[in-house]
Every structure is written in structure tokens, then in C-alpha cells.
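Chemist: With the input below, show me the fold.
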Amino acid sequence: MRLIAIVLAFQFHLFALTVRVAAADLEDTLLSARHTNSVPTPLFEGARDPEIVQFVAQILQRQHYLRMPINDDVSSKFLDRFLDSLDNLHIYFTQADIQEFEKYRYRLDDLTLKEGNTTAAPIIFNRFRDRLNQQNDYVQELLKKGKFDFTGNDRFVTDRKKLPRPSSIEEARKLWLDRLRYEYLAEKLNKVTPEDIVKNLGRRYTRVLRMINEYDNDDVLQIYLTALARVYDPHSDYMNKMELENFSIGMKLSLYGIGALLQSEDGICKIRSLTDGGPAQRSKLLKPDDKIIAVAQSNQPPVDVVDMKLNKVVEQIRGPKGTEVRLTIIPADAPDSSVRKIVSLIRDEIKLEDSAAKAKIIEMPLSQKSPSGATSTRLGVIDLPSFYSGFELEGRRGSGEQKSTTTDVAKLIRKLVKEKVSGIILDLRRNGGGSLEEAINLTGLFIKEGTVVQVRDFDGRVFKDEDPDSSVLYDGPLIVLTSRFSASASEILAGALQDYGRAVVVGDSSTHGKGTVQSLLQLKPIMRNNGIFMTNDPGALKVTIRKFYRASGASTQLKGVVPDLILPSVNNYIEVGEGSLENPLEWDTIPAANFEKVGQVEPHLAELKKRSDARIAKDKDFEYVRGEIERFRKAQAEKSVSLNESVRLKEKKENDDRAKARKKELAARPEPVWKVYDITLKNAGEPGLPAPTVRTNTTASASAASGEKLAKVDPKKTDAKKTEKPAGHGAGEDDDEDPDATPVDIGLEEAKRILMDYSQLLGNGKGVAVTKPSSASSR
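Modeler: Take a look at the predicted model:
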């Protein structure tokens, strides 16, 4: 059995039951009306499901870090996890439903281990579908009447996770009504017409129902077995074939397909965007908003994909490199919906460059000439969104170029050094983790040999993962920028560089606190080794097997990494991090490893803090952040939102006035005096610098976890899940820009000032670098 040790981004598998409302043309409206009462996909148990279930259960109790047997206690928690994974806000299942399901509370252990019996899963899931149907019927009826009262003192509780489930359908209907009133009022406050409100909300609820009705047995089995895994800890999951494929894409940052991001609108698969350089874009035969209605493989007949689940459509479009796929489309600019066009494409490897490491050089004027006579200085910023690597699915190894975070970052560092930056900021604020090996190797670019991380097994054995290479790629001034969303592998790197005194860690009050190791066990080879041969891919189990400890001996679990310099941020008060998840493993310590500290940071830390604190105290941007923190904490304490239109209009006016004043203040500022040069993996090897990026004081910065955009988190907003998937494109979802978000990346701005101070205190403003041999960067 091959164990692939990985450190994975934290994943939240709660089902958001609202989806984005997309603009629709007349044809979409007709399709929506035709499919309002969507037919649920029958849930037929797969012939090999019992064996999959038993293997997953046996692996969990034998290989999970806790070595916890599946017994009555686990069975009880298993039932609760499954119910909450479907209805985490406690608005669908009634107390009578729960009482009916109580018969499974202490039986799931035996049904799972001894029989591989999943009878409870479709029964409970179908009841969930029934309740969604009832909600949809009730909501559509209320919308037809269109009469809602917003004059009283009613309040809507946005988070009911810890509140009792409704005692009856009647009480559930009251919750559904309050939720609809909340959504209706939100639209009304944004000056949407009553007719459009009714249409938008009606379509939204219909779309949610359609999405749930499209779930098939594989989807339900994934939810069910993941619920069992989550009894052990929040990072163990079961992945079905499609989820495993997407995981592989996310780790490799590449896939084989046509290079198009798809979305589903009312049962129609629509192209949202095309990947630069992908087969779809190169063909010049496809464009955004084209509708795909059939897919054919090479010389095979086309398969109608209207009303087909989006995952299934994506699965048909992806395929081996060099193979043909034929799409039947309705062009976006077709004069009428009867027009059909067949487009033939040859699949190719799609590089997901947006998720790879990238950098920028910021050229800033100095307030006075340096001793060398320089009037400006250059700072380097490396944005690393994840620790990707060449993970391969079973049976597909050796296909395509192997991605490496370390190789990519080393390439960027060499470019920054060549352009004489006086220091580097490594931005990990949106880095949720990835490959453990890459985190260790990347740390080795900044330190001599030594322990990077310690790992403890379930039986107490401790292993030290070290950087064996004494060479250093970059030894100049280094800032590591973190947030509450920096997790897992990024915490290992930040913790190691902090322990060695190699970098100043700056950011939110702590990182996420995910200090556990997961192994991804692909079930097909495991089952084959046990004499069970599967023609279909049974998926994989991601299971927690070890815990991380820093070189200093402290675990990163729960507490994360506390920065040397903590910046004010709303993130410091939001409910996020390992401690907010169900069943996190505890924090503890082990003996420190023997390692040699660099000691660059400690002599200057007090002075850096003094200077930073003085700036923050009088900085206008941080004054704004402090106001946002106060507003957020007040809203957080209230836990509900008014359904009185007058009250909400007053609140909205105050918010709008504050946003306008902020934008006016920003617009009145002089244009930035610095220049920014964007460095990509493509242009890092080219001589000189690209043209500077045009920047103004109203240009939005890149998404940043402790920047001002995330300082505007609203605890009253519900999550929205977009129904869109990458078919030969990115393995994630694009975030819509918040129209009220202001452009200043406050955390990065202060990090730049800290780096300039640090560089000056170290007395090596040029950023000394000793180049490693080229072979060392791909360890």
C-alpha cells in the first residue's frame, strides 16, 4: 500500500443552500419554467458499495491517528454528522424526523463494519429532498402572493447551528418564511423591483432544489462516508471518483481538457470563460456564454447533456491528451435558439497558472538618498496560494510535466535577486496548505540544513523532516505575511522560519492552526491487493495519520503560528480556524529538536515593533480597520438581523455613507509614487523587467486575507455556492468582487514598511543572495 503524505487545505463540507442568481435570457426563463418541478435522481446502491464502505471503515479505525474503534459512541456521532452535513442550519429536518432516525443511532457501527450497509443514507437523504420540495412549494406560493410585512420588530437569526430543530412542519414553515422575508428585504433594500425580486428568488429556490435532486448515489455515498470520517477529525474525508480527480488537478495545477470554465444555469451547461492558450481559445470557435447541449467522444454518437448534472458533463469533456471531443453548442450570438454548431477539439494539457506562484517588484522612492546614493529601493513580493506538487492518480503516473512549488519559487527568487531587491515578502495569507515535501524543500531555500518540522505517529514515535542541503538560495531580509487562513503546510514554513530566526512573521493574531498530516489512500489498489478487483474507480480516503510539531517542539495544531508582529484585522475576531471546526485534535508539545538558529530577527524585533506600532496608531487605513472591527464585533454579538425595513434602511444609509466617505478619501489621495512590475513564471527568465503595471489609488489590489477587503466581513451574509465547474480549467471557484470593497491592501502596505525598516536595520539593503546549484531547487 502506497501512502502519500500530504498536508491539505482545510475544507468545509457543509452544504450552502443558496446559489448565485445568474442573469437569464428568454430561453433560460422558458427552460426554468419547464424544469421547476425537477425529478429527483433515483438513489440505487452500487454493486460494490458495501465493499467500499467496509474498507473505508476499517482503514479509519486502523490507520487514523486516534486509532478509535467504530463502536456505539462513534455510531451516534456519525448519525449527527450526517444530519448536520445536510441540514447544518437546523431548518429542514423536524424533531419528528430526528426521532424516526433514532433507530440508527447505535446501529450504524454494525451496519457499516459488518455488512457495508448504507440503507440509512438514502432514507435520510430522500427525507431531506422531501423537505426541500416542501420548502420550495411553500416559497413559490408565498412569492405569488407577494405580500410581506417589514414594519414589526421581528429579527432573523442567520446562524441556527446550535439552535433546536423545528418541532413540526408548521414551525419549519415559519423558519422558511422568515428566511424568505430576510432575502426579499435584502433585494428590496438594493432597489430591485418587486417583479424581479419574485423572479430572482423563485429561480434561486428552484435552482437549489434542482441541484439537490441531481445528486446521485455516488454523491450521497461521499457525504455519508465523509460524515463518518469527520467523527475522527475535521480533515478526514472520503472522495468519490470526481472529487479525487479534482483533488489531483488542484495539486498538479494541470489537467487534460479543452480549457473552459463551465457553469450550469437551469439545466443548461454554459461556458463562463476560456483559459489562455487552451484548445478552446486557440480554436476561436468557442466563446463565453455559448451553451453546450451535447458531447461526443471522437467518432462516437453525441450524448445529450441538457439537464445533466454539471459534474457529469465535465467528466465527458475532460479526457486523455490528444483525444478528440466534439461539442454541440448553441452560440451565444445565435439569432435564435434553434441554431446548432458542432465544434471539434483535441484535448491538451491545461496549466492552471492563476494558482501558481507569482511575484512582483515594487520600486519605491526613498525619503532621502541612501549611503550609496540610491534614491529608490526595490521590494520583492512572492504570492504563494498553495504548496502544489506532481500528485498523480493511480494508473496515470508519469503523464505530463511535474509541478513543483519549490522550483517555481526558486525561479522567482532568482529573478528578484537579479533585479536587486532589498528584501522579499513571502505572502501566505491565502495559502491553505498542500504538499508537505514542498513546504520542507521551500524552507530549505532560506536556511542551512536542519530540522524543518517534527512529526509524531499515533504511538508516540517522532520523526524529524530536515533540510539536508547546507546551501541557501536567499539570505537577505525576509518577511512572511500570514493570516487566519494560512493553514497546514504554510504554517510549517512560517513556524520553521520563525524558530530559526530567519524571517519576521507578520499578520493576523495567529494562523489557522491545522497541525495534522493526512494520507490519501486510493482505494482501487488497496482493494486489488486484497483480492477485490474494481472496474470503476472507488475513490479515495483522506485520513489523518500524524501530527506536526515545530523544531521548537510546539504543535501548530489549534494554536497555529503567532506572528512576531500582529496587525489589526477583522480576521482576528471572526469564527475561523481549527478551533471553530468539529472534533479538532488537541494542542500539545514534544521536546525541541537540535537546530542552529540564524538569529537575524531577535536583535531588531523590539525596534521593528516600536516603529510599526507608531505607524499603526496614526495611520488612516488602520483607523478605518479599527472602526470595521468595532462594527463587526457589535454585529457578531447581536447574532440576528432586523426585518424592519425602516431600521434596515437606516443601517444601509449609514453603511453607504461610510463607504462613500472612504472612497472619497481614497480618491483624494495623490497617485501612488511607486512602480509595480508583475513577475510570472513565464517572464521570470526573460532579461530586464516588463512594463510597469498601471496603478491608481482606485485600483483594487489582489485578494488578501488581512487586507481591507476581508476587513469588511459581514457575519449576517449567507454563503453562496456557485454551480460551476472547470472542464479543462481551474479547480476552484472565482470570487466575485465586492462592489463596496475598498482597494487598499492594508496588511501588505504595512509589511512593505516593516521590510524597509528591517532591511535598513540589517544594513544590507541590497538583499544578499548566495545561489544554490540548479539541481537543488527541485528536491
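
Chemist: and the residue nearest to residue 684 when sequence neighbours are not counted, what does it touch?
Modeler: Leaving out its chain neighbours, the residue that sits closest to residue 684 by C-beta to C-beta, 6 or more residues apart in numbering is residue 415, at 4.2 Å. Backbone N, C-alpha and C define where each C-beta goes, glycine included. Residue 415 makes contact with 359, 679, 684, 685 under the criterion C-beta atoms under 8 Å, 6 or more residues apart in numbering.

Chemist: before we move on, what about residue 138?
Modeler: By C-beta under 8 Å, 6+ apart, the residues touching residue 138 are 173, 176, 177.

Chemist: what helix or strand does it sit in?
Modeler: Element membership of residue 138 [criterion: DSSP states H and E] is helix 120-145.

Chemist: Residue 238 contacts residue 538, doesn't it?
Modeler: No. Look at residue 238 against residue 538 with C-beta atoms under 8 Å: they stay out of range, at 9.8 Å.

Chemist: So between the two, which is more surrounded?
Modeler: Comparing residue 238 with residue 538 by other C-beta atoms under 10 Å, the one with more neighbours is residue 238, at 28 against 25.

Chemist: which one is that one nearest to, not counting chain neighbours?
Modeler: residue 225 (3.6 Å).

Chemist: Tell me the secondary structure at residue 416.
Modeler: Residue 416 falls in the helix class when you classify it by DSSP: H, G, I helix; E, B strand; the rest coil.

Chemist: roughly how far apart are it and residue 687?
Modeler: Taking C-beta to C-beta, to the nearest Å as the measure, residue 416 and residue 687 are separated by 15 Å.

Chemist: Check residue 569 too.
Modeler: 39 Å.

Chemist: what about those two, which has more around it?
Modeler: The neighbour comparison of residue 569 against residue 687 (other C-beta under 10 Å) goes to residue 569, with 26 against 6.

Chemist: who does the lengthiest strand in the chain touch, helix- and strand-wise?
Modeler: In the chain, assigned by DSSP state E, the strand with the most residues is strand 540-550. For strand 540-550, the elements it packs on are strand 4-6, helix 49-63, helix 217-230, strand 237-239, strand 450-456, helix 489-499, strand 516-522, judged by 3 or more C-beta pairs under 8 Å, 6 or more residues apart in numbering; DSSP states H and E.

Chemist: between the ones you listed, which gets nearest to residue 422?
Modeler: Closest approach to residue 422 among the helices and strands packed on strand 540-550 (C-beta to C-beta): helix 489-499, 18.5 Å.

Chemist: Which other helices and strands does whichever helix or strand comes after the helix holding residue 138 contact?
Modeler: Proceeding N to C from helix 120-145, the next assigned helix or strand is strand 155-157, under DSSP H and E. Secondary-structure packing of strand 155-157 (3+ C-beta pairs under 8 Å, 6+ apart): helix 169-189, strand 640-642.

Chemist: Just the residues contacting the last one, thanks.
Modeler: With C-beta under 8 Å, 6+ apart as the test, strand 640-642 has contacts from 153, 154, 155, 156, 157, 158, 182, 648, 651, 716.

Chemist: what's near enough to touch the third one?
Modeler: Just to be clear, that refers to residue 155. Shown in contact with residue 155 (C-beta under 8 Å, 6+ apart): 640, 641, 642, 643.

Chemist: Mind putting the helices and strands packed on strand 155-157 into TSV with distance to residue 525 and mean neighbour count?
Modeler: Output for the helices and strands packed on strand 155-157, formatted as TSV (distance: least, C-beta to C-beta, whole Å; neighbours: other C-beta atoms under 10 Å):
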stretch	distance to residue 525	mean neighbour count
helix 169-189	46	18
strand 640-642	51	18
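
Chemist: Using JSON lines, lay out these together with mean pLDDT and distance to residue 54.
Modeler: Shown next, in JSON lines, are those (pLDDT from 0 to 100; distance: least, C-beta to C-beta, whole Å):
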{"stretch": "helix 169-189", "mean pLDDT": "96", "distance to residue 54": "36"}
{"stretch": "strand 640-642", "mean pLDDT": "94", "distance to residue 54": "45"}
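
Chemist: Which among the ones you listed is found nearest to residue 509?
Modeler: strand 640-642 (26.4 Å).

Chemist: Provide the strand pairings for that closest one, with the direction of each partner.
Modeler: When pairs are called by DSSP bridges, strand 640-642 turns out to pair with strand 155-157 (antiparallel).

Chemist: among the contacts of residue 415, which are in helices?
Modeler: Applying DSSP state H to the contacts of residue 415, no entry is found in helices.

Chemist: and the two most separated of these?
Modeler: 359 and 685 (12.8 Å).

Chemist: Neighbour count: those two, which is higher?
Modeler: The residue with more neighbours, out of residue 359 and residue 685, is residue 359; 27 against 9, by other C-beta under 10 Å.

Chemist: doesn't residue 679 make contact with the more buried one?
Modeler: Yes. Counting by C-beta under 8 Å, residue 359 touches residue 679, with 4.1 Å between them.

Chemist: Need the residues touching each of those two.
Modeler: 412, 415, 416.

Chemist: Identify each buried residue in the helix or strand hosting residue 409, please.
Modeler: Using DSSP H and E, residue 409 sits in helix 405-418. Neighbour-count burial for helix 405-418, with 16 or more other C-beta atoms under 10 Å as criterion, is recorded at 405-417.

Chemist: circling back: just send the helices and strands packed on strand 540-550 back as CSV, with distance to residue 99 and mean pLDDT too.
Modeler: Output for the helices and strands packed on strand 540-550, formatted as CSV (distance: least, C-beta to C-beta, whole Å; pLDDT from 0 to 100):
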stretch, distance to residue 99, mean pLDDT
strand 4-6, 41, 35
helix 49-63, 25, 96
helix 217-230, 19, 96
strand 237-239, 28, 94
strand 450-456, 43, 96
helix 489-499, 43, 97
strand 516-522, 36, 92
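
Chemist: rewinding a little: if we only consider the buried residues of helix 405-418, which is nearest to residue 750?
Modeler: Looking across the buried residues of helix 405-418 and measuring by C-beta to C-beta, the closest to residue 750 is residue 416, at 20.3 Å.

Chemist: Spit out the contact partners of the closest one.
Modeler: 359, 361, 380, 382, 424, 679, 767.

Chemist: re earlier: among the contacts of residue 155, which one lies nearest to residue 376?
Modeler: Ranked by distance to residue 376 (C-beta to C-beta), those are led by residue 641 at 49.0 Å.

Chemist: Report the beta-bridge partner residues of the closest one.
Modeler: Applying DSSP bridges, one finds that residue 641 bridges with residue 156.

Chemist: now residue 466, what's its secondary structure?
Modeler: strand.

Chemist: For it, which non-adjacent residue is closest in space?
Modeler: Closest residue to residue 466 apart from its sequence neighbours, by C-beta to C-beta, 6+ apart: residue 451 at 5.2 Å.
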